[in-house]
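Visitor: Next come a sequence and a model predicted from it.
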Amino acid sequence: MRLRRYRPIATLLLLMHVQACSAWQPVPVSPRRLLEDQNPSKVRVTRSDGPRIILHAPLVIRNDSLISTIAVRRCFDVPGQSRRHCLLYPETRGVAYADVRVVEVRQFETALAVVGFIGFASAIIVGMSLSR
């Protein structure tokens, strides 16, 4: 069957589509309450001075900060080689509650999923009909 060779590609595209159907949603509760109630694997914090930080497996430390260990990419040149080498190093990041303007968590968006699935299925049907 010709369709069997397209299964891995279709599976990969479907998995990528499912990831794209989630969006960052603001949380109306305090960061401490969020971590106690939901214990999310990631939170996105917008600081009051502007920058956004994604904290993986965030922890509450001493009742006044969100702390997380993240992977930071550092690149360097190696003498005698034309390309750069990059490594990931663990780095601890923290944000004081006083500096937090918005806390967001990733949530699945049903409307995005439905529209995306219809578009994805339509593209597959059109592609299969054109390949005949």
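Guide: Cool, got the structure.

Visitor: can I see the domain layout of the protein?
Guide: Domain assignment for the chain by automatic domain parsing gives 1-21+109-132, 24-106.

Visitor: what about the chain, any weak spots by pLDDT?
Guide: Counting by pLDDT under 70, the chain contains low-confidence ranges at 1-6, 12-21, 62-63, 112-113, 131-132.

Visitor: which secondary structure element contains Q81?
Guide: Q81 belongs to no helix or strand when assigned by DSSP states H and E.

Visitor: neighbours around G94, how many?
Guide: Close neighbours of G94, defined as other CB atoms under 10 Å, add up to 15. The C-beta positions use only the backbone N, C-alpha and C, and glycine is treated the same way.

Visitor: For it, list each beta-bridge partner.
Guide: Note on G94: beta-bridge partners by DSSP bridges are I67.

Visitor: Go through the domains of the chain and pick out the most buried.
Guide: Highest mean neighbour count of the domains of the chain: domain 24-106, a mean of 13 (counted as mean count of other CB atoms under 10 Å).

Visitor: That domain spans what distance, first to last residue?
Guide: End-to-end distance for domain 24-106, by CA to CA, to the nearest Å: 4 Å.

Visitor: so how far is that domain off the chain centroid?
Guide: Distance, stretch centre to chain centre, for domain 24-106: 12 Å (CA atoms, centre = their mean, to the nearest Å).

Visitor: Please list all residues in contact with the spatially most central residue of the chain.
Guide: Centroid-nearest residue in the chain, with CA atoms, centre = their mean: R106, separated by 7.4 Å. Neighbour list for R106: S22, A23, W24, Q25, P40, K42, R44 [criterion: CB atoms under 8 Å, 6 or more residues apart in numbering].

Visitor: and what of R73?
Guide: For R73, the contacting residues are C86, L87, L88, taking CB under 8 Å, 6+ apart as the criterion.
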